[in-house]
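[1] Provided below for reference: sequence and predicted model.
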Amino acid sequence: MAGKNTESTVESALSDDGSGLVLTRELARVLGEPHAGADGRHHDEPSPFHDGDLVGTVSAVCAVRRLRPDAGPAGVSAIHKGAVDGPVEVGRTGIVIDEHGDRAHHGGTDKALYVMSASEQRHWSQVLGGIEPGRLGENLLIEGDIDDVEIGAILSIGDPAAGGVRVRVTGVRNPCATFARGVGRADWVEVFSARNRVGVYLAVLNEGAVQAGDEVRVVASPGHRVTCRRWFAHHDPRDAQGLLNSEIFGNCVIAPFTKKYVRAAAHEQVG
């Protein structure tokens with residue numbers, strides 16, 4: 001019965017703008033908070049991936065099904081996505097047939113694709129009473145630990161020489177009020193963030209097409225060891241310094257939406 005109640009809440013969120021939802025937190029990581037809301041001390045979690053390694057395979061490519069009303073400034077949200085069959089064209093700003101509601105915070109070249117681990121999607125589907133791929137706003141689901149790649153890593157999806165794409169890992173999702181309203185749960189920001197596997201954003205370096213079954217491989221890793229999961233969990237000042245040094249030495253590019261948190265953390269005391 002609990003599953004049915006949860007599922008009806010999720011489905012009702014498609015037509016409810018969420019204005020009546022009293023959120024317990026509106027953003028997971030907030031500038032100005034100590035360590036931006038994370039714990040500030042990493043546990044030396046290394047990246048398991050090296051250049052040439054297989055991260056996983058694409059299990060679903062998703063694009064918007066329909067816009068839903070949203071109480072946020074944009075008035076609509078494109079979080080309700082669904083799987084698309086066959087090869088799907090990817091441009092500099094993401095999947096060509098996809099849309100974004102709040103363009104001030106979502107989408108753009110640095111957030112062209114949002115990618116989740118398929119195992120995480122299955123976990124949340126159980127928590128929410130059953131949801132289809134794409135329902136959490138993801139463009140790609142990967143059968144593999146995508147959160148364990150380093151920030152700034154270059155990846156290939158499919159074979160770039162045969163029409164696949166090359167992408168750069170630009171940062172992590174920062175679960176927000178739009179996301180919470182999209183699933184109809186007031187506590188969603190904290191609940192989704194607790195596992196520290198929030199998914200990653202990609203910038204498209206070489207356009208092409210993606211489809212289910214494509215391999216995702218590491219083309220080049222910066223070598224600073226700061227994975228997406230590690231960064232989201234800790235926002236450790238030592239990792240922040242490492243990221244900035246890596247950029248100075250020309251080993252990686254840090255996207256502006258990530259750099260503002262990196263710069264803030266770099267000046268904090270280790271918690």
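    Nice, I can see it.
[2] does residue 49 really touch residue 221, like I thought?
    Yes: counting by CB atoms under 8 Å, residue 49 touches residue 221, with 6.5 Å between them. Using the backbone N, CA and C atoms, a C-beta is placed for each residue, glycine as well.
[3] Overlap in contacts, the two.
    Residues touching both residue 49 and residue 221 by CB atoms under 8 Å, 6 or more residues apart in numbering: 149-150, 153.
[4] Just the ones of the residues you listed in helices?
    Per DSSP state H, helices hold no members of these.
[5] of residue 49 and residue 221, who's got more company?
    The neighbour count for residue 49 versus residue 221, taken as other CB atoms under 10 Å, is higher for residue 221 (24 against 21).
[6] Confirm for me that that one is in contact with residue 51.
    Yes: counting by CB under 8 Å, residue 221 touches residue 51, with 5.9 Å between them.
[7] Tell me the secondary structure at residue 205.
    State at residue 205, reduced to three classes by DSSP: H, G, I helix; E, B strand; the rest coil: strand.
[8] Could I get the contacting residues of it?
    Residue 205 neighbours (CB under 8 Å, 6+ apart): 154, 165-168.
[9] follow-up on the earlier one: of the shared contacts of residue 49 and residue 221, closest to residue 69?
    Minimum distance to residue 69 across the shared contacts of residue 49 and residue 221 is 34.8 Å, recorded for residue 149 (CB to CB).
[10] So what does that closest one look like in phi/psi?
    When quoted as degrees, to the nearest 10, the phi and psi of residue 149 stand at phi -90, psi 160.
[11] My read is that it contacts residue 228, right?
    Yes: Residue 149 is within contact range of residue 228, at 6.3 Å (criterion: CB under 8 Å).
[12] Could you pull out the residues contacting both of the two?
    Listed as contacting both residue 149 and residue 228 by CB under 8 Å, 6+ apart are 169, 200.
[13] how much space between residue 199 and residue 20?
    Going from residue 199 to residue 20 by CB to CB, to the nearest Å gives 27 Å.
[14] Fine by me, we can end here.
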